[in-house]
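Asker: give me a 3D structure for the following:
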Amino acid sequence: MVNEIKLSIIKLLQRALNIIYRILIRVRVGQEFIELVMKNSWNEKIEVNHNEFKLQFSIPNSLNRFRALTFSTKEPETLEWIDSLPKESILWDIGANVGLYSCYAAKARDCNVFAFEPSVFNLELLARNIFLNNVAEKVVILPIPLSDKLSISKLNMTTTEWGGALSTFGKEYGHDGRMLDKRFEYQLFGLSIDEVIKELKIPTPEYIKMDVDGIEQLILAGGKLTLKKIKGIILEINDDFEDQRLNCEKLLLNSGLRFKERRRSEMFDSGIFKNTYNQIWVR
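Answerer: Just a heads-up that it's a prediction; the model follows:
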């Protein structure tokens with residue numbers, strides 16, 4: 001009942017703000033006011049302290065504020081995994097989003113990070129966060145999607161919100177294997193892991209962090225040569241998507257890796273991610 005009341009209040013506020021916006025946008029002073037508000041929202045940031053390391057993250061909206069405020073609690077297993085990496089490791093962050101973990105790996109472990117993020121709505125925030133944390137010399141942005149082969153296909157997105165997730169390249173299904181509620185799309189040029197190394201001459205990763213919401217098995221299939229060389233990987237798998245889980249397991253086992261553990265934060269004990277875990281594999 002309480003949640004329903006909150007939702008009703010939020011909807012009323014959204015309607016009121018939409019009316020105010022439509023009024024303001026018609027006049028010069030109103031346009032300048034709106035531009036000032038938007039500019040100030042991009043200048044907003046939060047400082048995060050984790051394991052004595054200070055980081056700053058841009059928070060132009062509530063989603064990114066949430067990501068920053070829950071930095072230490074949303075995926076503690078990912079942070080612990082990063083903390084275990086040898087210093088100056090080569091890390092590929094596949095599905096980097098706005099770069100929280102890329103920045104932490106570069107700052108806490110002096111990793112050389114290659115951050116793969118194809119969303120145009122996340123790229124500016126990714127770049128801003130890299131700059132805010134003074135790790136531009138350690139993090140390389142690759143604004144391309146990865147898949148099982150070289151292809152031109154659509155990035156199918158469930159949201160255009162800054163910092164949004166749950167998008168899939170080249171497929172119509174999402175993290176749970178079900179059809180996406182697609183809200184936006186555009187075409188991109190995609191590559192496989194092995195092709196990126198061969199054609200772009202990017203260093204072979206020693207470690208991989210992967211969170212791409214549904215096509216993990218395709219990306220792994222496109223990196224069979226590379227997977228035999230890596231020392232470890234952490235990837236997010238939804239157990240409800242059984243084919244995905246089994247195919248990923250087969251590919252990782254065939255590469256000589258062994259399963260160590262799977263974990264998730266208590267905040268995901270219910271909801272759409274209740275059966276989603278970060279799997280950690282080691283050599």
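Asker: which residues of the protein fall in helices?
Answerer: Along the chain, counting by DSSP state H, helices occupy 2-24, 28-43, 62-69, 71-74, 76-83, 100-108, 120-132, 193-200, 216-221, 224-227, 242-254.
Asker: pick the most deeply packed of those helices.
Answerer: helix 100-108 (a mean of 25; mean count of other Cβ atoms under 10 Å). The way it works is simple: take the backbone N, C-alpha and C, and place the C-beta from them, glycine included.
Asker: name the helices or strands packed onto that helix?
Answerer: strand 53-58, helix 76-83, strand 90-94, strand 112-116, helix 120-132, strand 139-142 (3 or more Cβ pairs under 8 Å, 6 or more residues apart in numbering; DSSP states H and E).
Asker: tell me which of the ones you listed sits nearest to Arg22.
Answerer: helix 120-132 (23.5 Å; Cβ to Cβ).
Asker: now the angle from the closest one to strand 112-116?
Answerer: Per axes from the mean of the first three to the mean of the last three Cα atoms, to 10 degrees, the angle that helix 120-132 makes with strand 112-116 is 160 degrees.
Asker: check which helices and strands helix 120-132 sits against.
Answerer: For helix 120-132, the packing partners by 3+ Cβ pairs under 8 Å, 6+ apart are strand 53-58, helix 100-108, strand 139-142.
Asker: now the ones you listed in TSV, with distance to Ser255 and mean pLDDT?
Answerer: Output for those, formatted as TSV (distance: least, Cβ to Cβ, whole Å; pLDDT from 0 to 100):
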stretch	distance to Ser255	mean pLDDT
strand 53-58	32	96
helix 100-108	22	97
strand 139-142	22	98
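Asker: now those in a markdown table, with distance to Ile233?
Answerer: Below are the helices and strands packed on helix 120-132 laid out as a markdown table (distance: least, Cβ to Cβ, whole Å):
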| stretch | distance to Ile233 |
| --- | --- |
| strand 53-58 | 23 |
| helix 100-108 | 14 |
| strand 139-142 | 18 |
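Asker: in TSV, list the helices and strands packed on helix 100-108 along with distance to Leu180.
Answerer: Listed next are these as TSV, based on distance: least, Cβ to Cβ, whole Å:
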stretch	distance to Leu180
strand 53-58	27
helix 76-83	24
strand 90-94	19
strand 112-116	20
helix 120-132	16
strand 139-142	23
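Asker: do you know which of those lies nearest Lys224?
Answerer: Within these, the stretch nearest Lys224 is strand 90-94; the backing value is 15.3 Å (Cβ to Cβ).
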